[in-house]
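1. A predicted structure for the sequence below; I have some questions about it.
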Amino acid sequence: MGNIPTIVTSCLAVALTIVYFLVSDQGKFTFIILAAAAWFLVIICWLADKSQKYMHKLEGHEQTHDEKKKLANYNQQQHTVQISSSELSHVKAELSADLEELQSSLKNKDTEIENLKAEIASLHTLVEIEKLRAELANLKALAAKQSAKKK
């Protein structure tokens, strides 16, 4: 089944090569490019077919390797079942301590975020106050100019 793409692309390449010799000089460039691409596809299909055949030859050797993997996995599963309850409770205590530590650091980060939000809000207020002062100073300067014009 793997030879079908190679045969089809070979027929296409042969047909394009024959048409190259039959076409006028104006179309030769187009057909030489098409024929070269078709022959390249023939080579790629042929290499893919050879690679597939080679990998299927090696497939028989993989079965023994898979059996070794299954035995290794079985031994690992058997080892994990032999954990004692004291070791399990010790690991559980360690994980609980780590979880509590993470929760406390998360609470600290939350309070830090709230403090930063409050600081940002106060900075916005300070900026608004400074804008109002600048506006007030501009109005005073404008009023001084108008009173100077009246005199």
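-> Received, thanks.
2. Run a quick neighbour tally on residue 13.
-> For residue 13, the count of nearby residues is 20 (other C-beta atoms under 10 Å). Placement of C-beta: from N, CA and C, glycine included.
3. which SSE is the residue nearest to it when sequence neighbours are not counted in?
-> Once flanking residues are discounted, residue 13 sits nearest to residue 38: 3.7 Å by C-beta to C-beta, 6 or more residues apart in numbering. Assigned by DSSP states H and E, residue 38 belongs to helix 28-81.
4. How about residue 143?
-> Per DSSP H and E: helix 85-150 holds residue 143.
5. in the stretch of helix or strand residue 12 belongs to, what's buried?
-> Using DSSP H and E, residue 12 sits within helix 3-22. Buried residues in helix 3-22, counting neighbours by 16 or more other C-beta atoms under 10 Å, are found at 5-6, 9-10, 12-13, 16-17, 20.
6. Report the contact partners of the nearest residue to residue 19 once chain neighbours are set aside.
-> Nearest residue to residue 19, sequence neighbours excluded (C-beta to C-beta, 6+ apart): residue 31, at 5.6 Å. Shown in contact with residue 31 (C-beta atoms under 8 Å, 6 or more residues apart in numbering): 16, 19-20, 23.
7. Quick check: residue 31 vs residue 40, distance?
-> As judged by C-beta to C-beta, to the nearest Å, residue 31 and residue 40 stand 15 Å apart.
8. now swap in residue 12 and tell me
-> Relative to residue 40, and taking C-beta to C-beta, residue 12 is found at 12 Å.
9. swap in residue 117?
-> 64 Å.
10. for residue 21, same thing?
-> Going from residue 21 to residue 40 by C-beta to C-beta gives 19 Å.
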